[in-house]
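S.K.: No sequence on hand, only this structure:
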Ligand code: SF4
Ligand code: SF4
């Protein structure tokens, strides 16, 4: 399964900070819009979500509890 951050174009102000912090080269700016170019390179570090002040990028995760 391929996973990638969820991007909401309506919330993006085009600041480019997410591209700057992404150490995996998974993001780029194209015409002031974030483009997720290398999904396979995304290490799900969540840095893009942390640096995005508008909430345009999100890296959701699921908490799974195991019965013991
Ligand atoms: S950090 Fe957020 S607002 Fe800035 S370019 Fe990235 S997605 Fe858009
Ligand atoms: S979660 Fe990390 S590796 Fe993936 S796009 Fe965001 S900053 Fe890049």
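M.R.: Arrived safely. Just so we're clear, the structure is a prediction, and the values are computed from it rather than from any experiment. Ligands and ions are numbered 1, 2, ... in the order given.

S.K.: low pLDDT regions in this protein?
M.R.: Scanning the chain for pLDDT under 70 picks out 1-2.

S.K.: residues from it in reach of ligand 1?
M.R.: For the chain, the residues found near ligand 1 under the criterion CB under 6 Å from any ligand atom are 12-18, 34, 51-52, 54, 56-57. C-beta: built from backbone N, CA, C; applies to glycine.

S.K.: May I see the residues you listed arranged in TSV, with neighbour count as well?
M.R.: Converted to TSV, those look like this (neighbours: other CB atoms under 10 Å):
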residue	neighbour count
12	19
13	11
14	12
15	16
16	14
17	15
18	24
34	24
51	15
52	22
54	12
56	21
57	24
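
S.K.: Please narrow these to those residing in helices.
M.R.: Of the positions in the residues of the chain next to ligand 1, 17-18, 51 sit in helices, assigned by DSSP state H.

S.K.: ok, residue 11 to residue 33 distance?
M.R.: According to CB to CB, to the nearest Å, residue 11 stands 12 Å off from residue 33.

S.K.: Now look at stretch 39-48 and say if it contacts ligand 2.
M.R.: Yes - using CB under 6 Å from any ligand atom, stretch 39-48 comes into contact with ligand 2 via 42-48.

S.K.: For residue 66, state which of those residues is nearest.
M.R.: Checking the residues of stretch 39-48 next to ligand 2 against residue 66 by CB to CB gives residue 44 as the nearest, at 20.6 Å.

S.K.: residues touching the closest one, list them.
M.R.: By CB atoms under 8 Å, 6 or more residues apart in numbering, the residues touching residue 44 are 3, 59, 61.

S.K.: 7 Å instead?
M.R.: Neighbouring residues of residue 44 by CB atoms under 7 Å, 6 or more residues apart in numbering: 3, 59.

S.K.: Where does residue 10 sit: helix, strand or coil?
M.R.: Judged by DSSP: H, G, I helix; E, B strand; the rest coil, the three-state class of residue 10 is helix.
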